[in-house]
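Student: 3D model of this:
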Amino acid sequence: MPDFSRREFLKRSAASTVAGGLILTGLGRNAEASGATPLGTVIDLTRCDGCRTLDVPVCVTVCREENRKYFPEPIKEIGNYWPQKKKEDWSKKKGLTSRLTPYNWTFVQEVNVEHGGKRYTVAIPRRCMHCDNPPCANLCPFSVLHKMPDGPVVIDRDLCFGGAKCRTVCPWGIPARQAGVGIYLKIAPKFAGGGVMYKCNLCYHRLKSGREPACVEACPQNAIIFGEKEKLRKLAHKRAAEINGYIYGEKENGGTSTFYVSPVPFEKIHAELMKQKASQPNPKAPGFPGMPVDVENFTETANGIAWSIVVAPIAGAAAAAGAAYKTMKGVEKDG
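Tutor: Purely as a prediction, here's the structure:
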C-alpha cells in the first residue's frame, strides 16, 4: 500500500463529506441499469467429482495461483480488534484448502445424501455467489464493495477496513478477514477496522481482458460454465429438467449470478453440510458455508432497512473520501 499521511487523508475525507452525502453508495445498485450484459456461472454437480484423484481440486489450485498476487501480507505484530481481545489471522495457514480463507477463495465440499432410494456423493465448489442485489455491497459502511455492471461483486482492498459487516449480512458468510493488513493501519490502527476482507471476485481482472475465470477455464470436467447470465439461467433449467433435479442460486438471497444444478434437493445438502460444520474443531469459525434454501435478502428485512438508513450518509462520505484518496494517490482498482 502506498505511503500517505494520516492527517492528509483525514483532511481529504472531511472535505469530501458534503459531496459524499449526495452519493448513493451501494443502496439499490442495479447492474442491469448500466446497459452491460450480466454474466454468471452454472455449476453442474452431476459433472463435478471434486477431482478425487488429486490432493487439491483443480479449481482450487488455479484460483490460488491466479490470485496469489492479491493475497494479504500482514505485519508481524498484529494487534487485537479494539475493544475485543481477538484477531483473525490466517497467515500461518496459507496452505489450508478445506475452507474459505483470505488465501483460499474457493474450495470443494463433499456430502453423501440419500434421495429417491439412492445414495449420492455430491462435490460442491464453493465461493462467492455474486448476488444480484448484494447486501454486502449495499450495507458496507465504508462503501468498498461494488456490484460491477457485468455481474461480479468486488471488494476494493485498498480501502477496506475489515469491519466484516459484509460477512455478517451474507447468508453464506463468504468474505474472509485477515488482520494486520489494510488502510486501518495507517488511519486508526488502535480504534478502527480489523484488516481486509477477501473473497472470490470471479477473476474480474481476467473478465476485463475478455478471458474466463480461471476455475472455468481449468475445470477438467467442464462442470463450471461461464457466460451471459440469462442464457445460463435457461441452461440451468434445461439441465435440471433432464436429470429431474434442482436449482440453487436463482432465488436465494433475492437471486444470484451463480446457478447450481443438483440431482438431490439442496435442503438435504444443507442438512449434511451443517452436520459437517458442527463436527469441525471450531464450529463457529467462518469459511465453511451451508446452502440454506430460499434464504431472504437481508436488505429487505426490517433490520436491513433500518441499517440502510443509518449507513447511507456514512457510506456516502466514505465513498467520496475513497475517491479522493484514489485520485490523490493514483491507485487503480484492479479487482
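Student: which residue ranges form the strands in this protein?
Tutor: Residue ranges of the strands in the chain, as given by DSSP state E, are 39-44, 107-115, 118-126, 145-147, 153-155, 176-178, 196-198, 224-228, 246-248, 258-262.
Student: Not including adjacent chain positions, what is the nearest residue to residue 295?
Tutor: In space, and not counting its chain neighbours, residue 295 is closest to residue 171: 4.4 Å by Cβ to Cβ, 6 or more residues apart in numbering. (Glycine included, C-beta is placed from N, CA and C.)
Student: Near that neighbour, how many residues? Count them for me, please.
Tutor: Residue 171 has 20 neighbours, counted by other Cβ atoms under 10 Å.
Student: Check what pLDDT it gets.
Tutor: Listed pLDDT for residue 171 reads 97.
Student: Give the residue spans of the stretch 151-300 of the chain that score low on pLDDT.
Tutor: 192 (pLDDT under 70).
Student: Which stretches in it count as helices?
Tutor: Ranges of helices within the stretch 151-300 of the chain are 165-169, 184-187, 204-207, 214-218, 229-243, 266-278, based on DSSP state H, counting those that start in this stretch.
Student: What are the buried residues along the fourth one?
Tutor: Spelled out, that is helix 214-218. 214-216, 218 (16 or more other Cβ atoms under 10 Å).
Student: Also the third one?
Tutor: By neighbour count on 16+ other Cβ under 10 Å, the buried set for helix 204-207 is 204-207.
Student: The first one too?
Tutor: Applying a neighbour-count criterion of 16+ other Cβ under 10 Å, the buried positions in helix 165-169 are 165-167, 169.
Student: can you check the longest one too?
Tutor: By neighbour count with 16+ other Cβ under 10 Å, helix 229-243 contains the buried residues 229, 232-233, 235-236, 239-240.
Student: Which pair in the residues you listed has the greatest spatial separation?
Tutor: Within the buried residues of helix 229-243, two members stand farthest from each other by Cβ to Cβ: 229 and 240, at 16.3 Å.
Student: With distance to residue 291 added, can I get the buried residues of helix 165-169 in JSON lines?
Tutor: Converted to JSON lines, the buried residues of helix 165-169 look like this (distance: Cβ to Cβ, whole Å):
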{"residue": "165", "distance to residue 291": "22"}
{"residue": "166", "distance to residue 291": "19"}
{"residue": "167", "distance to residue 291": "17"}
{"residue": "169", "distance to residue 291": "17"}
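Student: Residue 157: which of those is nearest?
Tutor: Using Cβ to Cβ, the buried residues of helix 165-169 come closest to residue 157 at residue 166, 12.5 Å.
Student: Quick check, that closest one in contact with residue 140.
Tutor: Yes: between residue 166 and residue 140 there is a contact under Cβ atoms under 8 Å: 5.7 Å.
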